[in-house]
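Peer 1: Model the following, please.
(one chain, ligands or ions: 1)
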Amino acid sequence: MTAEDKAKRIFAERAAFYTTSTVHADPAGLARLVALAAPRPDWTALDIATGTGHTALALAPHVNTVIGIDLTQEMLSEAERLRAERAAGNVVFRVGDAHRLPFGDASFDLVTCRRAAHHFSDIGLAMNEIVRVLRPGGRLIVDDRSVPEDDFADRCLNQLDWYHDESHVREYRPSEWRHMLATRGLSLESLEVIVRHRPLSAFTDGVSPENVAAIHRLLDGLTPDQRASLALADVKGQPHLNHWYVLIAAHKS
Ligand SMILES: C[S@@+](CC[C@H](N)C(=O)[O-])C[C@H]1O[C@@H](n2cnc3c(N)ncnc32)[C@H](O)[C@@H]1O
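Peer 2: Alright, predicted model coming up:
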């Protein structure tokens, strides 16, 4: 089964959760992304792996048109329901794969991809597609899970995320993002690393009992140094650990 087959299966089951997920619907985070995109009223925007459409709908009042694409029809059905509720007439949702964008070259002023690049089975191919559909000068905004520049934390967090969601492929270090952008003619405007100390339930909620057990085994086996590098600690009786994110703005040269 490919990562894309797994994503379709897992996100079909979790679609309703993503509509109301406080992390994904977070208005402050969405406002931040929109501000970074600095959209203009005549722009055409593409939101890749739009899920239930939070990012596409946040952009809608600021641009001419937004197209949101996603692999999973069930996520798009939720997105369409939210679109109708908000009467966002300039947003269109359609099924599509980030690795084969169904659009011509230089079709978009803005491409966004939020909390999804870590699911793509071939990030290089997906990045090539993003560059192809952006017009020269067009802007890319990526918001995704990430890992610090540390071999242990990189391996451990990627493993935890796979147990959380078996369609997970890889969350990248800031240095990997810089390299991916620079080698494709994308000029970096800003790259912010955001670290949040979150409860372990962020990894275990909605996960199979086998994978929850595997997460506990992995964490129970860590050395004190390894625990410290993840900031693994009890907060009010609940284990918490750091999650890393990147928020990137770049444009096509
Ligand atoms: C966490 S959700 C996205 C959240 C959404 N971007 C937001 O801002 O709320 C991840 C989405 O990635 C989609 N996805 C995974 N692989 C994909 C691919 N290759 N092409 C398009 N969508 C993909 C899944 O179907 C899922 O809806």
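Peer 1: which other helices and strands contact the helix or strand containing residue 192?
Peer 2: Residue 192 is located in strand 186-199, with elements delineated by DSSP states H and E. Secondary-structure packing of strand 186-199 (3 or more C-beta pairs under 8 Å, 6 or more residues apart in numbering; DSSP states H and E): strand 134-146, helix 174-182, strand 238-252. Heads up, the C-betas are built off the backbone N, CA and C, glycines and all.
Peer 1: Just put these in CSV and tack on mean pLDDT, mean neighbour count and distance to the ligand.
Peer 2: Formatted as CSV, the helices and strands packed on strand 186-199 follow (pLDDT from 0 to 100; neighbours: other C-beta atoms under 10 Å; distance: least, C-beta to the nearest ligand atom, whole Å):
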stretch, mean pLDDT, mean neighbour count, distance to the ligand
strand 134-146, 98, 21, 7
helix 174-182, 98, 17, 16
strand 238-252, 98, 19, 12
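Peer 1: With distance to residue 107 as new columns, can these be given to me in CSV?
Peer 2: Output for the helices and strands packed on strand 186-199, formatted as CSV (distance: least, C-beta to C-beta, whole Å):
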stretch, distance to residue 107
strand 134-146, 7
helix 174-182, 20
strand 238-252, 12
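Peer 1: Name the residues that touch the helix or strand bottoming out on mean pLDDT in the chain?
Peer 2: Evaluated with mean pLDDT, DSSP states H and E, the helix-and-strand set of the chain has its lowest mean pLDDT in helix 22-25, which scores a mean of 78. Taking C-beta atoms under 8 Å, 6 or more residues apart in numbering as the criterion, the residues outside helix 22-25 that touch it are 18-19, 29, 51-52, 54, 115.
Peer 1: Return the subset of the residues you listed lying in helices.
Peer 2: Residues of the contacts of helix 22-25 located in helices (DSSP state H): 18-19, 29, 54.
Peer 1: These: which two are farthest apart?
Peer 2: Looking at those by C-beta to C-beta, the two members farthest from one another are 19 and 29, with 15.7 Å of separation.
Peer 1: Tell me which of those two has more neighbours.
Peer 2: Set side by side, residue 19 and residue 29 show more neighbours around residue 29, with 21 against 18, by other C-beta atoms under 10 Å.
Peer 1: got the contact list for the more buried one?
Peer 2: The contact partners of residue 29, taken as C-beta under 8 Å, 6+ apart, are 23, 143.
Peer 1: do residue 177 as well
Peer 2: Contacts were defined as C-beta under 8 Å, 6+ apart; by that measure residue 177 touches 142, 146, 191, 246, 248.
Peer 1: Can you tell me how far it is from residue 187?
Peer 2: In this view, residue 177 and residue 187 are 13 Å apart by C-beta to C-beta, to the nearest Å.
Peer 1: And the residue of the stretch 151-253 of the chain that's closest to the ligand?
Peer 2: Relative to the ligand, the nearest point of the stretch 151-253 of the chain is residue 167 (6.6 Å; C-beta to the nearest ligand atom).
Peer 1: looking at this, that residue is in a strand?
Peer 2: No. Secondary structure assignment (DSSP: H, G, I helix; E, B strand; the rest coil) places residue 167 in coil, not in a strand.
Peer 1: That one: how many residues sit nearby?
Peer 2: Taking other C-beta under 10 Å as the criterion, the count of residues near residue 167 is 22.
Peer 1: so it makes contact with residue 3?
Peer 2: Yes. Counting by C-beta atoms under 8 Å, residue 167 touches residue 3, with 5.3 Å between them.
Peer 1: joint contacts of the two?
Peer 2: By C-beta under 8 Å, 6+ apart, residue 167 and residue 3 have these common neighbours: residue 119.
Peer 1: Thanks again, I'm all set now.
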